[in-house]
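K.L.:
my questions concern the predicted model and sequence given below.
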Amino acid sequence: MVSQMTRRSLVSKAGAVVAAGAVSSNFHAPAILAQEKVTISWLTDLPADTIVPAFHEANPDIEVKVESVSFNEVFQQNQVRLGSGSEEPDVVSVDAPLVASYGLRGWLEPLDDQFPDTSRAEWVDALVESGTYDGKLIAPPIWNSSQLFFYNEDVLVAAGVTPPGPEERWTWTQVQEAAAAVTQDDVFGFQFEQYNRIYQLQPLPQGKGVPVIGDDGLTVEGIINAPEWVEAFDWYQKMHNEWALSPKGTLEIEDLFANQKLIMCVRGPWAITSLSQLDLPFAWKAAPHPIWEGGEIVVPTDSWHLGVNVNSQHKDAAIRFVQFATSLEAGRLWYEAGDSWPMQKVLLQEITDSPENTEWPRLAYPIAARESEFATPRPLTPGYNEYQDILGSAFENMRNGSGAQEELDSAAEKIEREMRKYL
Amino acid sequence: MSRREGLTPYLFLLPAMLLILVWRYIPIIAGLRESFYSNAFSFTGAKEFVGWDNYRYLFDDPTYWESVRVTLKFNAIVNVLQVALSLGLALLINQKVRGIGFFRTLLLLPIAISINVAALAWGLALDPTYGLVNGILERLHLPTQPFLLSADQALWVLIGIVSWIGVPYWALFFLAGLQNIPQEIHEAARIDGANPWQGFFHITFPLLSRTTTFVLVATTVANFTMFAPPYLLTNGGPSGATNLIMFDAWKRGFTYGDLGASAASITVFLGVLIIVVAAEFLVFRPQHD
Amino acid sequence: MHQSSEPARFKLSQIWVYLALILLAIIVILPLEWIFASSFTNRETVFKNVLPFTLKALWPTEPTLSAYRAIFDEGFGRAIVNTLGVAITTVIGCLVVGTTAGFAFARFDFRFKGLLWTLVLLSLMVPYEATVIPAYTMINNLGWTNTWQALIVPALANGTVIFLFRQFFAEIPQDFLDAARLDGATWPRVMTTIVLPLSLPVIVTSSVLVFLSQWNAFFWPMLVAPDPNFRMVQVAVSIIGVRQQLTYWDMLFAASTIAAVVPLLLVLPLQKYYISSIMGSGVKG
């Protein structure tokens, strides 16, 4: 196939190197064979194979062409393609916090009619919220996430620490003390899986009862450098520096935990599957997400949403696919494949009630399902990329020793400046 | 040439000039144009003419000036360093000792390595907790280093990584230059009683001036536009220590979606680059010739 | 190729030379050797011998090809084939473009020659990173995302190749060509039967340069052709084995090793051509 392309490209080049139309149509057109079939494209980094075949079976007149790229590429491609009014991809993968951004730019087709209130009621509330912009549903959720506190039981017990029970919620102080008991040499006590992303660290400030962004979705001054934020991240900074209980640098949390170099961590429910498959030589368990003493319960909610490109030439087909992807069937397929955490309340209830989930490690699943109750969406702002990126740098600097107040002040200033373009 | 040749040269040149105009010059002009527009958010793709606003915004942004400082610092060091080291390397691998062929091949290896593999390899090797280099340092009872996690060391680490690829590459050019110097000249110098150092400074180096200028200019261009290492390894940090200007422009465009400011930054950059290169040509103009 | 073999020329005492060479060799090879060696292990072993460091990190005790098998299961072979196809096509294209343009600049006089040559030289100075974003927008507007032409056509605008050929052709004695023309040969015939056979070193160098630039291309292909069917090898290297929650380092290293070996096999044996072409291009002293 390569050589055929090569010959073609040489021939067409002889004509005119810039003549786009003639050349591009050879390489770009959908299947010309089945006239009745509509082809829609979906740009994503998710395991599409889990649900696409089932969709094809149920909808033989639609072909879903999956453009499978990496996580970062999804954002970049969306930005450039949608930003230039391209009609592809038809189905857009939208990371939850970017819903506001895409909504503001008018890139997605409103889908209120296709997803009446009854269907939305089946989804976790926080996610419905995340998929809505300006009162319109523009990006229904397809995935959900939860977070759990995983720990190496053997090491904790050996150090004289009583691990938390499956319904027991530790405080961050308890985490810190336990970490201090087990940290030595190259073994660290505790770390977050996404140690420098606001998605993961949100519970720290928000657990103290303060917001993560202004009501206008743009203001951060006075908010991300509020005293509670500084307190929260001062703790985070000390965990990495003064107390040295959390490792620095780029980390593979799964590896570290599996090799017993990291004793406790906060990770998503996918860890239950992957850790079980590793057949580890030590006992590990999970518990609910920690909180501050007297603080609020906040569990980060990451989710992927799907939208329909406002310039798509095949909106109906795209909508049908999105409806399928949000259905109970798709949710079940993904969950059973171990790909994702379901966003349908029915499925979450099934997980909690299932008789298969009464023993470790499967006992962790109902814990995660119950944590979904405390799901908190990420800040809704058109400037989420900027917000995340700048805060991410601030967190990295703190991990390397920079003071929390100073970094948060600086981040607030930078984010404010970037947000101005949305005013 | 006779008139019959009239159209032939142009036909011969057509593909090349067409390609260069379309794929090198039009993007520059498009970028320049883009810098005067801003993405309006009411419709998809619609833009608003904002004149110099993007430039004003950029010049008001302390992060932009930070990237300027970092880039200047980076280049002030790395270009001179690379020219000097590659000349030194060329001299070294031009020595007549046994096995020099083997070493020459070995030391030129980095040329074949792509920037992303180099960044991966060195990024991992220099990881403060799990990296090879700190592992060795510890074995030798030397203090381990934070490398890319330290605002002080990070830029130097980048300088090291890009030089790892760059020095052998430019050394190849110097090697060609050295091997082009006729034996007689060296013979004459030796007969005149010059010692090797004098021979180098008064004979070899001046004869290499054209190569030196070429390498200096080429390495300047390559290093000013350095983008991959911050992108792959540091995200501009820690604390902006590696926020090189092309990376900063990229971030504005792709992460923050501000194509206008990104284009403005690149336009200014191109202007400055042309001035710097022109200055290098003037100052380091080959002596003879 | 001239050899400076004068003993009294800048010669350092042997011991220092060897020391320097060995030290440099270590610095140069260290990370490469680690990646190479680690590619023959599996994921768990990769970091095991790094901290505390033992020499086992640089030489695997139980080599296995599992990583290599795994990457081909994940489409790495496809990426290699794609890149070879793109690279070879680009080489042919650049040779055609470069020889014709280089010949025109070297052997003809015509109006605008100076201007056009300046445009070519200036284009060499414009770094491609500066044009990436607008060029990407152009690709997008042309509908060329995830197509072969997006990977090949912009790469044909290669001023370096034009420069090398122009320098080379400028050195061919005029009588040579005049004689052929007197015999009635047209310019194209002169080009193909006389000039091209002579220019082997430049052809080899240009081909290697262009091939390498496509083989090592990372950023552009990542932007314009991320789809797995069009994936280029360096992009594949950067994402192979990378899963959401962890990375299969052994696979990454195996892919990196292969990605690095191909240019090595090309560049090192052909060093001499490289050097002689650079010499012929007037860049030397």
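P.N.:
Alright, I've got the coordinates.

K.L.:
contacts only, for the residue lying closest to residue A:329 once chain neighbours are set aside.
P.N.:
Closest residue to residue A:329 apart from its sequence neighbours, by CB to CB, 6 or more residues apart in numbering or on different chains: residue A:54 at 6.8 Å. (Each C-beta comes from the backbone N, C-alpha and C, glycine too.) Residue A:54 makes contact with A:324, A:329, A:330, A:333 under the criterion CB atoms under 8 Å, 6 or more residues apart in numbering or on different chains.

K.L.:
spatially central residue in the chain, please.
P.N.:
In the absence of a named chain, this looks at chain A. residue A:302 (3.6 Å; CA atoms, centre = their mean).

K.L.:
I was thinking of chain C, sorry if that wasn't clear
P.N.:
Geometric middle of chain C (CA atoms, centre = their mean) lands on residue C:212, at 1.5 Å.

K.L.:
helices and strands of chain C: which one bottoms out on pLDDT?
P.N.:
Least confident helix or strand of chain C, by mean pLDDT, DSSP states H and E, is helix C:271-280 with a mean of 66.

K.L.:
and the helix or strand hosting the residue nearest to the centre of chain C, how far out from the chain middle?
P.N.:
Assigned by DSSP states H and E, residue C:212 falls within helix C:200-215. Relative to its chain's centre, helix C:200-215 lies at 7 Å (CA atoms, centre = their mean, to the nearest Å).

K.L.:
any part of that helix near chain B?
P.N.:
Yes - Helix C:200-215 comes into contact with chain B (CB under 8 Å from any CB of the partner chain), by way of C:212, C:215.

K.L.:
let me see the mean pLDDT of the strand or helix carrying residue C:116.
P.N.:
If you go by DSSP H and E, residue C:116 is part of helix C:113-125. Helix C:113-125 carries an average pLDDT of 87.

K.L.:
relative to helix C:200-215, how tilted is the next helix or strand along the chain from that helix?
P.N.:
Sequence order places helix C:128-142 as the next helix or strand after helix C:113-125, per DSSP H and E. With axes from the mean of the first three to the mean of the last three CA atoms, to 10 degrees defining the directions, helix C:128-142 sits at 70 degrees from helix C:200-215.

K.L.:
hmm, back to that, residues touching the residue nearest to the centre of chain C, list them.
P.N.:
Here residue C:212 is in contact with B:112, C:263, C:266, C:267 (CB under 8 Å, 6+ apart).

K.L.:
not counting sequence-adjacent ones, nearest residue to the third one?
P.N.:
Looking back up the chat, that one is residue C:266. Nearest to residue C:266 is residue C:208, by CB to CB, 6+ apart, at 5.7 Å.

K.L.:
quick check, that neighbour in contact with residue C:265.
P.N.:
No - if you go by CB atoms under 8 Å, residue C:208 and residue C:265 don't touch, sitting 10.9 Å apart.

K.L.:
more crowded one of the two?
P.N.:
residue C:208 (19 against 11; other CB atoms under 10 Å in any protein chain shown).

K.L.:
which residues are in contact with the helix or strand that residue A:368 is a member of?
P.N.:
Per DSSP H and E: residue A:368 is located in helix A:364-371. Residues from elsewhere that reach helix A:364-371 (CB under 8 Å, 6+ apart): A:146-148, A:166-167, A:269, A:272, A:285-289, A:299, A:341, A:348-349, A:351-352, A:354, A:357.

K.L.:
what subset of these is buried?
P.N.:
A:146-148, A:269, A:272, A:285-289, A:299, A:341, A:348, A:351, A:357 (16 or more other CB atoms under 10 Å in any protein chain shown).

K.L.:
now for the residues you listed: which two are most distant?
P.N.:
A:285 and A:348 (20.6 Å; CB to CB).

K.L.:
next secondary structure element downstream of the longest helix seen in chain B?
P.N.:
Taking DSSP state H as the criterion, chain B has its longest helix at helix B:62-93. Later in the chain than helix B:62-93, the nearest helix or strand by DSSP H and E is helix B:100-107.

K.L.:
show the average pLDDT along the helix or strand just after that next one.
P.N.:
Of the helices and strands lying after helix B:100-107 in sequence (DSSP H and E), the nearest is helix B:115-125. Averaging pLDDT along helix B:115-125 gives 88.

K.L.:
how about stretch B:129-148?
P.N.:
85.

K.L.:
stretch A:328-343 too?
P.N.:
86.

K.L.:
ends of it, how far apart?
P.N.:
9 Å (CA to CA, to the nearest Å).

K.L.:
what residues does it touch?
P.N.:
By CB under 8 Å, 6+ apart, stretch A:328-343 touches A:46-47, A:50-51, A:54-55, A:122-124, A:127, A:141-146, A:268-270, A:273, A:303, A:324, A:326, A:344, A:346-348, A:351, A:368, A:372.

K.L.:
list the buried ones in it?
P.N.:
Those would be A:330, A:331, A:332, A:333, A:334, A:335, A:339, A:340, A:341, A:342, A:343, for stretch A:328-343 by 16+ other CB under 10 Å.
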